[in-house]
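Colleague: build me a structure from this.
(chains A and B)
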Protein chains: 2
Amino acid sequence: LTGHAWLVGAGPGDPGLLTLAARDALQQADVVLYDALIGPEVLSFARPGAELVPVGKRAGAHSMPQEEINRLLVARTAEGRRVVRLKGGDPFVFGRGGEEALALRAAGLPFTVIPGVTSAVAVPAAAGIPVTHRGLATRFTVITAADRAGEVPADLPGPAAAGTLVILMGAAALPALVERLLAAGWDPDTPAASIASGTLPGQQVVTAPLAGIAPAAAALPTPLITVVGPVATLAEQLGPGRYGP
Amino acid sequence: LTGHAWLVGAGPGDPGLLTLAARDALQQADVVLYDALIGPEVLSFARPGAELVPVGKRAGAHSMPQEEINRLLVARTAEGRRVVRLKGGDPFVFGRGGEEALALRAAGLPFTVIPGVTSAVAVPAAAGIPVTHRGLATRFTVITAADRAGEVPADLPGPAAAGTLVILMGAAALPALVERLLAAGWDPDTPAASIASGTLPGQQVVTAPLAGIAPAAAALPTPLITVVGPVATLAEQLGPGRYGP
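Modeller: Here you go, the predicted model:
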């Protein structure tokens, strides 16, 4: 019995943004533990007969607690199975992949991390927004709109310190976060864009000045990705429809 | 004549971290304009007979000015060729992809952006360092150690504002940047790691407290990626050798 686990990033949604290594891992897996946001086209790379187990992580819906995911991942691998833990975006960008890796490590089980295309960069790109751009942004910062307890984060960087600010998983918490950004020195007229279903056929983009982005984004489905900074103005020239495959 | 350009991220180096869409774009390209850091295994996806044009971007070496790359990209596409502009990491993370997209747009030429696995996340991962991790970092910031004029960036965020700090393309400028981080409130004992040839067989990792990371990294080949923050301590438990494909 030589089990092995792969912690795999599936990218932002478009199946073309799966990596070759992720595809290979899926094709040889006995078990696939996948987040709810993973689409059927990505899952179709798994071989017939593989055990496909949804483990949640859709915002607002019932999902398996992280401790239970860790337990299942360790148990299936310890049984000698080839287990793929398939996660949206990258496993180490708010994906709790580090916790799963530590659980496997503590159990003495071999594992491999396969990074993915992070939604934090690719979803803005799909809306025509480069997170860095000469003359507009020479750095970027990635935060979540609320932590796991629902709290809006403190110690927010101002615009010079942050560069482009990319906000993941915000929707309910976006109004409170915007208030806090304005208090941290962000200009209310800073260009901003919110993107739902980024890289997928149903992608929706709204743009507004920072002070108005939360109401503008309120009607979009979740999860959202919001980009704040001068680069958001490029959405008009570079997107949408200029993103592929 | 219906030319088309693809601005494609090749990922951090490991050919397995190429996306399916990037592979498909390469396989049908007439012309590939590639950065010097792109490896032969990645380039081997191009079809026999494709025109492969190195356009530089290796630190310290002679390389084609950006304006000339833009001109070549536009000219080849305007001739009706299928042109892939292949860039390390992601095209919009310090890749100047936005400038190339605007040049194509100004010329009225169709183009497609294919995001890639960014080195800013995947190279730390390959060293066993998740950029976010429960209890250690709930955000991350990506900067360069020096701008294109060689200047160390100002307005650096402190540790609470930045979360994990990922520093790209630093080597010569790292000592001055570390000084400036200490002045911005970073603890000299903050864990840090520098990684050369991340995700490749020749990968090298050094770890040290922030105050000592520049001398520790001085012997590594460039370009470097340096990670600063409590997550860097995970390198000991989660890497190396636990990264795949």
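Colleague: domains in chain A, by residue range?
Modeller: Domain assignment for chain A, taken from automatic domain parsing, gives A:4-114, A:119-238.
Colleague: same list (the ones you listed) but as TSV, adding distance to residue B:175 and mean neighbour count.
Modeller: Every residue, glycine included, has its C-beta placed from N, CA and C. Listed next are the domains of chain A as TSV, based on distance: least, C-beta to C-beta, whole Å; neighbours: other C-beta atoms under 10 Å in any protein chain shown:
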stretch	distance to residue B:175	mean neighbour count
domain A:4-114	28	20
domain A:119-238	19	21
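Colleague: quick one: average confidence on the longest helix along chain A?
Modeller: The single longest helix within chain A, with elements called by DSSP state H, is helix A:66-78. Mean per-residue pLDDT for helix A:66-78: 96.
Colleague: pLDDT on the very next helix or strand once past that helix, on average?
Modeller: Next helix or strand after helix A:66-78 toward the C-terminus (DSSP states H and E): strand A:82-87. Here strand A:82-87 scores 97 as its mean pLDDT.
Colleague: likewise for stretch A:11-25?
Modeller: Mean predicted confidence for stretch A:11-25 is 97.
Colleague: and what of stretch A:111-131?
Modeller: 97.
Colleague: next one: that stretch to chain centre, how far?
Modeller: How far stretch A:111-131 lies from its chain's middle: 8 Å, per C-alpha atoms, centre = their mean, to the nearest Å.
Colleague: same check, this time on stretch A:23-33
Modeller: Going by C-alpha atoms, centre = their mean, where stretch A:23-33 is centred and where its chain is centred differ by 20 Å.
Colleague: what about the helices in chain A?
Modeller: A:20-27, A:40-43, A:66-78, A:97-106, A:119-126, A:159-162, A:174-183, A:210-217, A:235-238.
Colleague: in JSON lines: these, plus distance to residue B:202.
Modeller: Shown next, in JSON lines, are the helices of chain A (distance: least, C-beta to C-beta, whole Å):
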{"stretch": "helix A:20-27", "distance to residue B:202": "18"}
{"stretch": "helix A:40-43", "distance to residue B:202": "31"}
{"stretch": "helix A:66-78", "distance to residue B:202": "29"}
{"stretch": "helix A:97-106", "distance to residue B:202": "23"}
{"stretch": "helix A:119-126", "distance to residue B:202": "26"}
{"stretch": "helix A:159-162", "distance to residue B:202": "34"}
{"stretch": "helix A:174-183", "distance to residue B:202": "42"}
{"stretch": "helix A:210-217", "distance to residue B:202": "44"}
{"stretch": "helix A:235-238", "distance to residue B:202": "36"}
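Colleague: any idea which of those helices gets closest to residue A:225?
Modeller: Of all the helices of chain A, it is helix A:119-126 that lies closest to residue A:225, at 4.4 Å by C-beta to C-beta.
Colleague: from the opening residue of stretch A:207-224 to its closing one, how far?
Modeller: For stretch A:207-224, the first-to-last residue distance is 13 Å (C-alpha to C-alpha, to the nearest Å).
Colleague: how far off centre is it?
Modeller: The answer for stretch A:207-224 is 18 Å, by C-alpha atoms, centre = their mean.
Colleague: residue A:17 and residue A:96, how far apart?
Modeller: Distance of residue A:17 to residue A:96, given as C-beta to C-beta, to the nearest Å: 21 Å.
Colleague: residue A:199 too?
Modeller: For residue A:199, the distance to residue A:96 - C-beta to C-beta - is 22 Å.
Colleague: how about the nearest residue to residue A:194 once chain neighbours are set aside, what does it touch?
Modeller: In space, and not counting its chain neighbours, residue A:194 is closest to residue A:217: 3.6 Å by C-beta to C-beta, 6 or more residues apart in numbering or on different chains. Residues counted as contacts of residue A:217 (C-beta atoms under 8 Å, 6 or more residues apart in numbering or on different chains) are A:171, A:174, A:194, A:206, A:208, A:224, A:226.
Colleague: one more: residue A:206?
Modeller: A:193-194, A:213, A:216-217, A:220.
Colleague: tell me the pLDDT of it.
Modeller: Per-residue confidence at residue A:206 stands at 95 (pLDDT).
Colleague: likewise the one 5 residues further on?
Modeller: Turning to residue A:211, the model gives it a pLDDT of 98.
Colleague: for the one 10 residues further on, same thing?
Modeller: If you check residue A:221, the pLDDT there is 92.
Colleague: separation between it and chain B?
Modeller: 21 Å (C-beta to the nearest C-beta, to the nearest Å).
Colleague: export stretch A:11-19 as PDB, just CAs?
Modeller: Only the C-alpha atoms of stretch A:11-19 are listed here, as PDB (Å, rounded to 0.1, in the frame of the first residue of the first chain):
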ATOM      1  CA  GLY A  11      -7.400  27.500 -11.500                       C
ATOM      2  CA  PRO A  12     -10.100  30.100 -11.600                       C
ATOM      3  CA  GLY A  13     -12.800  28.100 -13.500                       C
ATOM      4  CA  ASP A  14     -12.000  28.000 -17.200                       C
ATOM      5  CA  PRO A  15     -10.900  24.300 -17.800                       C
ATOM      6  CA  GLY A  16      -8.200  25.600 -20.200                       C
ATOM      7  CA  LEU A  17      -6.500  27.200 -17.200                       C
ATOM      8  CA  LEU A  18      -5.800  23.800 -15.600                       C
ATOM      9  CA  THR A  19      -2.100  22.900 -15.700                       C
END
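Colleague: kind regards, and thank you for your time.
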